[in-house]
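K.L.:
predicted model follows, preceded by the sequence.
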Amino acid sequence: MNNKLLSAALGAAVLGFGASAASAATLDDVKAKGFVQCGVNTGLAGFASPDASGNWTGFDVDYCKAIAAAVFADATKVKYTPTTAQSRFTALQSGEVDVLVRNTTWTISRDTALGFNFRTVNYYDGQGFMVPKSLNVKSALELSGAAVCVQSGTTTELNLADYFKANNLQYNPVVFEKLEEVNAAYQAGRCDVYTTDQSGLYSIRLTLSNPDEHIILPEIISKEPLGPAVRQGDDKWFDIVSWTQYAMVQAEEFGITQANVDEMKASTNPDIKRFLGAEADSKIGTDLGLTNDWAYNIVKAVGNYGEVFERNIGVNTPLKIERGLNALWSKGGLQYAPPIR
């Protein structure tokens, strides 16, 4: 998310190795070792962060747990590999991780040159701006002449230049290579504005000494569809990772929650019975290489999509993020699951 490195050189360097790594059946490898190796952020509040005891929590972390629940009926069978924006791609290509769930934007170059497969979007995001309230601005269109903190070598930097040029605004870029350096510069007042994906801004604001003194402006200047990535060449594993997200979305649409999932197994609705593996002749689980109660195991372990969202990053959490585009399609959002039948 925060770094969208589009290096063709990286793709060329790792693509060949990655293809061979993916030629083996990832599901078989995962079952043999007894856990899912999940690539996550090194620490982004609400999305993936460890506590003092090394226990990981967050929106992306729950997705990793959901995959483990689908495969093992046990959400604890996950190991986490913290990855930086620079290391995440090689970690996936080399086989160091089985799946990358690290607020990573789905782009054409990552889908092709880097040899990854994306299908689902677990968080629709976009680049935004954070400013101190003392600046007394309400819109990014009021930022002409501002000093803007941004991370180098990213599409964030490119989007920033395009936006200010398109709107005939002047700005002074304050550029750093590392995220921690950008954070420190903004905290120290070396720039007037911080720009990155909005989800990142909500998380970064929590790390500031006085979070309530900073606001996130309403403008979204890019499309940043974030979601899990796997290596090309293993359709079975790709399907499992994709349908894990779809199962959580479908559960929310059905009204199935972590609390009522056992009760819902007795539903007379054939779609719900099939979804939860309570229909005797269903093969939707076995066709995935899983048990027929795979979706039940996901919801029992982590809840539906809405529960995962609200628990980690929703309006009642410190991040206070509205569902917005991440609401169900039936409620004005973009989250949509194909039929599970």
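P.N.:
Yep, that arrived. This one's a predicted model, so the numbers in the text were calculated from it and none came from an experiment.
K.L.:
so which residues make contact with stretch 151-169?
P.N.:
2-6, 85, 105, 107, 127, 140-141, 143-144, 148, 150, 170-171, 173, 175-179, 182, 195-197, 221-222 (C-beta atoms under 8 Å, 6 or more residues apart in numbering). (Each C-beta comes from the backbone N, C-alpha and C, glycine too.)
K.L.:
buried sites along it?
P.N.:
By neighbour count, with 16 or more other C-beta atoms under 10 Å as the criterion, the buried positions of stretch 151-169 are Q151, G153, T154, T155, T156, E157, N159, L160, Y163, F164.
K.L.:
coming back round to it: so of the contacts of stretch 151-169, which ones are in strands?
P.N.:
Members of the contacts of stretch 151-169 lying in strands (criterion: DSSP state E): Q127, V148, V150, Y171, P173, V175, F176, T195, T196, D197.
K.L.:
for those residues, which one is nearest F309?
P.N.:
For F309, the closest of those turns out to be D197, at 16.1 Å, with distances computed as C-beta to C-beta.
K.L.:
how about that closest one, what does it touch?
P.N.:
M1, N2, N103, T105, D125, G126, Q127, G128, T156, E224, L226.
K.L.:
which phi and psi does the residue lying closest to T317 once chain neighbours are set aside have?
P.N.:
With sequence-adjacent residues excluded and distances taken as C-beta to C-beta, 6 or more residues apart in numbering, T317 is closest to G46, at 6.5 Å. In terms of degrees, to the nearest 10, the main-chain angles of G46 are phi 90, psi -20.
K.L.:
tally of neighbours for G46?
P.N.:
The local packing of G46 (other C-beta atoms under 10 Å) involves 23 other residues.
K.L.:
quick one: it and G58 touch, right?
P.N.:
Yes. Using C-beta atoms under 8 Å, G46 and G58 qualify as a contacting pair, with a distance of 5.9 Å.
K.L.:
ok, back up a step: state the distance from the residue nearest to T317 to L328.
P.N.:
Here the distance between G46 and L328 works out to 20 Å (C-beta to C-beta, to the nearest Å).
K.L.:
how about L226?
P.N.:
Computed with C-beta to C-beta, the distance linking L226 and L328 is 18 Å.
K.L.:
residues in contact with the residue nearest to P228 when sequence neighbours are not counted?
P.N.:
Spatially, and ignoring its direct neighbours in sequence, P228 is nearest to V101 (4.8 Å; C-beta to C-beta, 6+ apart). The contact partners of V101, taken as C-beta under 8 Å, 6+ apart, are C38, G39, V40, A48, D60, V61, Y63, C64, N122, P228.
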